[in-house]
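>>> Structure for the following, please:
(one chain, ligands or ions: 2)
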Amino acid sequence: MEFDLEAARITALPEDAFYISDFITEDEEDWLLQKVKSAPLPRWTQLSHRRLQTWPSALTKNNALLASPLPAWLRSPIIEPRFEALHIFNKAPHKAPNHVLVNEYQPGQGIMPHEDGVAYYPLVATVSLGAPIVLDLYHKPTKGNREASGTPAKGRRDVAGITDTNRKPQYRILQERRSLLIMRGKMYTDLLHGIEETTRDEDLGPHSICNWELLRERELYQGGWYERKTRTSLTYRDVLQAVKVGNTLKFLGGK
Ligand SMILES: O=C(O)CCC(=O)C(=O)O
Ligand SMILES: [Fe+2]
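Ligands and ions are numbered 1, 2, ... in the order given. Model (predicted):
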């Protein structure tokens, strides 16, 4: 199956971002949510504002992955055949994602603006399950705009480096359930992304949501808002340093 990725480009955003509203079926969504739910409890890491599963395992302190296959339910049908048909990971070092984070957000939960960083090839592909959510994008604060706003280099910056004066997101993407969002290149390296801790996403419309024209169910947001429900994301990435298990001891410093 071939797919025209260009038709899915979010043209209002820096290169490159793509949004496919109907990436998986409702049955596939139900089945994936069942798989997420049936993972043994120790698979979950409870963070203060969301909970997280890491597949196949967490990265080492120096950003390496002890390579082992992803479970079948995270591979098929998402990677094989859908990502393959889109050719999105063709230029990544391992030609396919080798790492998946599963994030679950209850209403009121979110994730601070951040960048995904240098451990990964600069491409993230996110499948959304269960409910819609808005992803906020921010320009990284530069030395220049910190000084211009009178904010001292440390002082009022929060953990993610967003200053008080530029807290308003530059762009907002609405991720519907069953959708795929791809961010790569400048979108990955030059912008921060986050999810607001709120029970309602508001001020929604063509003026504020940069993928509005690509949405599947615009009518759900006619009033300009919706109540958050539990939303789960599967974020697929290629970890640059993947160490084969046979080499693990050598890698960890054994002789
Ligand atoms: O849940 C999402 O869509 C974003 C998650 C995220 O930014 C991350 O895991 O780094
Ligand atoms: Fe992220």
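>>> Give me the distance between the closest residue to ligand 1 within the stretch 51-200 of the chain and residue 212.
Residue nearest to ligand 1 within the stretch 51-200 of the chain: residue 103 (4.2 Å; C-beta to the nearest ligand atom). Quick note: C-beta positions are derived from backbone N, CA and C, even for glycine. Distance of residue 103 to residue 212, given as C-beta to C-beta, to the nearest Å: 24 Å.
>>> Could you do residue 227 as well?
19 Å.
>>> re the thing from before, nearest spatial neighbour of the residue of the stretch 51-200 of the chain closest to ligand 1, skipping sequence neighbours?
Nearest non-adjacent residue to residue 103, counting by C-beta to C-beta, 6 or more residues apart in numbering: residue 233, 4.8 Å away.
>>> That neighbour in helix, strand or coil?
strand (DSSP: H, G, I helix; E, B strand; the rest coil).
>>> I figured it hits residue 130, correct?
No. Contact between residue 233 and residue 130 fails when scored by C-beta atoms under 8 Å: they sit 9.2 Å apart.
>>> Counting neighbours, go ahead and name the busier of the two.
residue 233 (22 against 19; other C-beta atoms under 10 Å).
>>> and the more buried one, bridged to which residues?
residue 103, residue 128 (DSSP bridges).
>>> Can you give me the distance of residue 54 to residue 126?
For residue 54, the distance to residue 126 equals 15 Å [C-beta to C-beta].
>>> of these two, who's got more company?
Counted by other C-beta under 10 Å, residue 54 and residue 126 do not tie: residue 126 has more neighbours, with 22 against 14.
>>> Where does that one sit, in terms of helix or strand?
Assigned by DSSP states H and E, residue 126 belongs to strand 123-129.
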